[in-house]
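*Asks:* here are the coordinates; sequence isn't available:
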């Protein structure tokens with residue numbers, strides 16, 4: 001099993017060596033901005049590392065992207081942003097681009113958000129698909145979110161599951177959303193048929209809090225052994241989105257417990 005962390009984007013290969021990771025995730029542009037990503041200065045080194053099997057790479061899209069939005073001024077640049085991010089992710093040898101499920105506003109029909117996701121994939125499929133596989137990530141809060149509660153996630157997957165789409169399971173987000181972590185892998189697989197990445201994050205807040213505040217493996221309100229069980233059951237690469245100072249310890253702990 002491949003285990004790693006979200007790292008700074010300046011030199012992910014060096015960051016991986018520093019924390020003992022064989023998986024890295026990073027941003028290719030400002031996570032709070034709309035600007036198109038530029039060529040990464042370490043792209044050749046990243047492609048070499050992935051090509052030799054030394055490193056798995058994932059790219060996280062900016063948080064501002066909201067494909068589900070009914071607002072044209074958000075949805076249209078979000079669609080463009082996903083495509084641009086996927087192209088840039090492919091250029092660094094990334095296995096996937098993580099995109100949050102997004103939401104519609106209060107009073108708007110969530111079915112429109114689901115349809116907006118379908119349109120994104122349908123239009124891109126007509127052009128040959130995304131340059132890198134898109135992984136939809138479950139989110140922690142929002143009454144009108146597309147991928148917070150698993151019943152809504154199931155409706156989303158009914159609309160996009162026919163395409164080459166993957167899923168990223170975030171343990172903190174699921175806990176904050178009020179989804180029982182016991183048996184969660186089986187429940188997700190029954191919906192999506194796939195888990196392509198696990199964000200193994202503990203939570204600083206209680207179950208059902210709707211608050212997206214990550215904590216290191218041993219410091220939150222989720223039992224560390226439960227996180228280990230989820231990673232083992234998922235059988236997918238694992239990324240820790242925790243404090244940089246805790247990442248080497250968290251990676252070593254998971255590697256020891258998972259026998260990898």
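*Replies:* It's in. Note that the structure is predicted; figures quoted are calculated from it, not measured. Numbers count the residues shown, from 1 in each chain.
*Asks:* can you pull out the helices in the stretch 101-250 of the chain?
*Replies:* 110-126, 150-160, 171-176, 184-192, 224-234, 247-258 (DSSP state H, counting those that start in this stretch).
*Asks:* what are the buried residues along the fourth one?
*Replies:* Judged by neighbour count using 16 or more other Cβ atoms under 10 Å, the buried positions of helix 184-192 are 184-185, 187-188, 191-192. (Each C-beta comes from the backbone N, C-alpha and C, glycine too.)
*Asks:* quick one: mean pLDDT for it?
*Replies:* Helix 184-192 comes out with an average pLDDT of 98.
*Asks:* turn the helices of the stretch 101-250 of the chain into a markdown table, including distance to residue 241.
*Replies:* As requested, the helices of the stretch 101-250 of the chain are exported to a markdown table (distance: least, Cβ to Cβ, whole Å):
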| stretch | distance to residue 241 |
| --- | --- |
| helix 110-126 | 23 |
| helix 150-160 | 20 |
| helix 171-176 | 8 |
| helix 184-192 | 17 |
| helix 224-234 | 12 |
| helix 247-258 | 9 |
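*Asks:* what's the most buried one of these?
*Replies:* helix 171-176 (a mean of 27; mean count of other Cβ atoms under 10 Å).
*Asks:* check contacts around residue 199.
*Replies:* Under the criterion of Cβ atoms under 8 Å, 6 or more residues apart in numbering, the neighbours of residue 199 are 137, 168-173, 239-241.
*Asks:* center of this protein, which residue is that?
*Replies:* residue 98 (4.0 Å; Cα atoms, centre = their mean).
*Asks:* pLDDT score assigned to that one?
*Replies:* 98.
*Asks:* in three-state terms, label it for me.
*Replies:* Secondary structure for residue 98, judged by DSSP: H, G, I helix; E, B strand; the rest coil, is strand.
*Asks:* that one and residue 139, how far apart?
*Replies:* 11 Å (Cβ to Cβ, to the nearest Å).
*Asks:* what's the answer for residue 150, then?
*Replies:* If you go by Cβ to Cβ, the gap between residue 150 and residue 139 works out to 12 Å.
*Asks:* how near is the residue nearest to the centre of the chain to residue 106?
*Replies:* 26 Å.
*Asks:* residue 34: how many residues sit nearby?
*Replies:* When neighbours are counted by other Cβ atoms under 10 Å, residue 34 registers 15.
*Asks:* scan this protein for its longest helix.
*Replies:* In the chain, assigned by DSSP state H, the helix with the most residues is helix 72-91.
*Asks:* what does that helix contact?
*Replies:* Contacts of helix 72-91 (Cβ under 8 Å, 6+ apart): 28-29, 34, 36-40, 43, 47, 57, 59, 61-62, 64-69, 96-97, 99, 102, 116, 120, 123-124, 130-132, 134.
*Asks:* residues near the residue lying closest to residue 59 once chain neighbours are set aside, how many?
*Replies:* Spatial nearest neighbour of residue 59, chain neighbours left out: residue 89 (4.0 Å); criterion: Cβ to Cβ, 6 or more residues apart in numbering. The number of residues packed near residue 89 is 27, by other Cβ under 10 Å.
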